[in-house]
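**Q** make a model of this:
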Amino acid sequence: MDGQKLWANSGDSHATGETQRWNEILPKDIAERMPRSVKDPDGEYETVYVDGKSFRRKLPKLATKTDASGKTIIDLVSERGAASLEERLRDLDQEGVWAEVVYASLGLWESMLRDPEMVKTVARLQNEWLASEVAAKSGHRLVPTGSVPLLDIDDAVAEVQHAADVGLKLVSVPTGLPEGLPDLNQDHWEPLWSACEETGMVLGFHIGSDGGDEGPVRFRGPGGAILNYVETTYGGQRVATKLISSGALDRHPDLKVLVSEGGATWVPFLGDRMNEAYRQHGMFVRPALSQLPKEILYRQVYTTFQHDESAPAAMWAMGYRNLMWGSDYPHIEGTFGHTQKTLHELFDDLDPEVSHRIRIGTFEELFPHVSEPPEQA
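**A** Got it, this is the predicted structure:
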């Protein structure tokens, strides 16, 4: 590092303080059914409750400190940014992050809600709050992901149009849909794809939102921590494969998809694999596509990564241009506290055009309403 701050936009970060927000903007009976986390006194585990369901998970420890009585307190990064918008923006300025996409945190489990009227109400009130209290008041440095009430397709279409009307630029859909809904490769979702394309709404998928009442733990025993972490990445890849192979992106060439926190080097491999299937098994392929799957993938699917050393090579060595860096603020897997170190390690030795595209340009292509960072102004 030469001491110069290297600015970047981030295609992945998360909201904090969601329970407090829901208590403020939602009717009391609905707020009580929303996802909430209760941590054990020792900070080792938390129980997540969602509308009568629950699961437990072990919490990562970032650091420990001792209070005046000598009691050990677990200090989690995930608590940062909950107090105020100003605190979050100060953190971004310190880290060298100018603008960022903001997904939910607890809200990633909203797909476990099964009441159509409830999810419709939540999406409407939440999207209006995100547009006025997050996007507008941050000077559009924060690009929050809107909610979509997926249990009813007409409600979903109406809310995408409403979200666009109030100024949101992308909506979040889980990689795993609520039980009983058609899969993403089915024509059931065609009105939603049309609504997103017509409004210019980016369709965001965050890995690890596969749903299921068992929570995020699928493997136990030796290697479980690594197995579960790696498993979360596959949901985003399946989404891309479904939307391309079903012809959804081919029918909607202006629809843009963002898969966040799942890395980028899988894109060239997946494109090659889909092309191979299309060439060798074309007699079974329905529908026929106007282009090879890899061309559609490269054109319309955008991805983010945090620390991946191999990710920039997806652009300079493999021709995939729609990747961007992401901080994952404020989660423990992210770069908070060492963002500048990470950015310099990733980009200092790259061709300037590649560096700028991944740090700045791809984000600006998806969200042209966002101002440029200080080094570009």
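**Q** name the nearest residue to W129, ignoring sequence neighbours.
**A** I25 (5.1 Å; Cβ to Cβ, 6 or more residues apart in numbering). Any C-beta I mention is one placed from the backbone N, CA and C, and that applies to glycine too.
**Q** separation between that neighbour and H14?
**A** Distance, I25 to H14, using Cβ to Cβ, to the nearest Å: 18 Å.
**Q** and the strands in this protein?
**A** All strands of the chain, identified by DSSP state E, fall at 8-10, 36-39, 45-50, 53-58, 63-66, 72-75, 97-102, 142-146, 170-172, 202-206, 257-260, 301-305, 323-325.
**Q** ok, of these, where does mean pLDDT dip lowest?
**A** Lowest mean pLDDT within these: strand 72-75, a mean of 44.
**Q** all helices for the protein, in order.
**A** 18-25, 28-31, 85-95, 116-129, 153-166, 190-199, 224-245, 248-251, 266-280, 293-300, 313-316, 339-347, 352-356, 362-366 (DSSP state H).
**Q** can you redo those as a markdown table with distance to L108 and mean pLDDT?
**A** Shown next, in a markdown table, are those (distance: least, Cβ to Cβ, whole Å; pLDDT from 0 to 100):
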| stretch | distance to L108 | mean pLDDT |
| --- | --- | --- |
| helix 18-25 | 10 | 92 |
| helix 28-31 | 17 | 95 |
| helix 85-95 | 18 | 94 |
| helix 116-129 | 13 | 97 |
| helix 153-166 | 17 | 98 |
| helix 190-199 | 19 | 98 |
| helix 224-245 | 11 | 92 |
| helix 248-251 | 23 | 98 |
| helix 266-280 | 21 | 96 |
| helix 293-300 | 23 | 98 |
| helix 313-316 | 25 | 97 |
| helix 339-347 | 23 | 97 |
| helix 352-356 | 30 | 97 |
| helix 362-366 | 20 | 97 |
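**Q** re earlier: tabulate the strands of the chain (JSON lines), appending mean neighbour count and distance to G224.
**A** Formatted as JSON lines, these follow (neighbours: other Cβ atoms under 10 Å; distance: least, Cβ to Cβ, whole Å):
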{"stretch": "strand 8-10", "mean neighbour count": "29", "distance to G224": "29"}
{"stretch": "strand 36-39", "mean neighbour count": "15", "distance to G224": "21"}
{"stretch": "strand 45-50", "mean neighbour count": "16", "distance to G224": "15"}
{"stretch": "strand 53-58", "mean neighbour count": "14", "distance to G224": "10"}
{"stretch": "strand 63-66", "mean neighbour count": "9", "distance to G224": "23"}
{"stretch": "strand 72-75", "mean neighbour count": "12", "distance to G224": "21"}
{"stretch": "strand 97-102", "mean neighbour count": "26", "distance to G224": "30"}
{"stretch": "strand 142-146", "mean neighbour count": "26", "distance to G224": "29"}
{"stretch": "strand 170-172", "mean neighbour count": "24", "distance to G224": "27"}
{"stretch": "strand 202-206", "mean neighbour count": "25", "distance to G224": "22"}
{"stretch": "strand 257-260", "mean neighbour count": "27", "distance to G224": "24"}
{"stretch": "strand 301-305", "mean neighbour count": "27", "distance to G224": "24"}
{"stretch": "strand 323-325", "mean neighbour count": "27", "distance to G224": "29"}
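**Q** would CSV of the ones you listed with distance to D250 be doable?
**A** Formatted as CSV, the strands of the chain follow (distance: least, Cβ to Cβ, whole Å):
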stretch, distance to D250
strand 8-10, 29
strand 36-39, 41
strand 45-50, 36
strand 53-58, 37
strand 63-66, 49
strand 72-75, 48
strand 97-102, 25
strand 142-146, 25
strand 170-172, 21
strand 202-206, 15
strand 257-260, 13
strand 301-305, 12
strand 323-325, 21
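**Q** who is the residue nearest in space to the middle of the chain paired with across the strands?
**A** Nearest to the mean C-alpha position of the chain, counting by Cα atoms, centre = their mean, stands H206 at 3.4 Å. Going by DSSP bridges, H206 is paired in beta bridges with S260.
**Q** ok, now H14?
**A** With DSSP bridges as the rule, H14 is bridged to Y103.
**Q** before we move on, back to that, I25 and H14: which has the busier surroundings?
**A** Between I25 and H14, H14 has the larger neighbour count (other Cβ atoms under 10 Å), namely 26 against 16.
**Q** and the more buried one, how far from P144?
**A** H14 is 10 Å from P144, where distance means Cβ to Cβ.
**Q** what residues are shared contacts of the two?
**A** By the contact definition Cβ atoms under 8 Å, 6 or more residues apart in numbering, H14 and P144 are jointly contacted by V102.
**Q** follow-up on the earlier one: ok, the residue nearest to the centre of the chain to A277 distance?
**A** 26 Å.
**Q** now swap in T16 and tell me
**A** Distance, T16 to A277, using Cβ to Cβ: 41 Å.
**Q** now do P330
**A** P330 is 40 Å from A277, where distance means Cβ to Cβ.
**Q** so those two - more neighbours on which side?
**A** It is P330, of P330 and A277, that has more neighbours when counted by other Cβ under 10 Å, with 22 against 15.
**Q** tell me which of the helices of the chain lies nearest to W7.
**A** Closest approach to W7 among the helices of the chain is made by helix 339-347 (8.4 Å; Cβ to Cβ).
**Q** S194 touches D254, doesn't it?
**A** No - using Cβ atoms under 8 Å, S194 makes no contact with D254, being 10.5 Å away.
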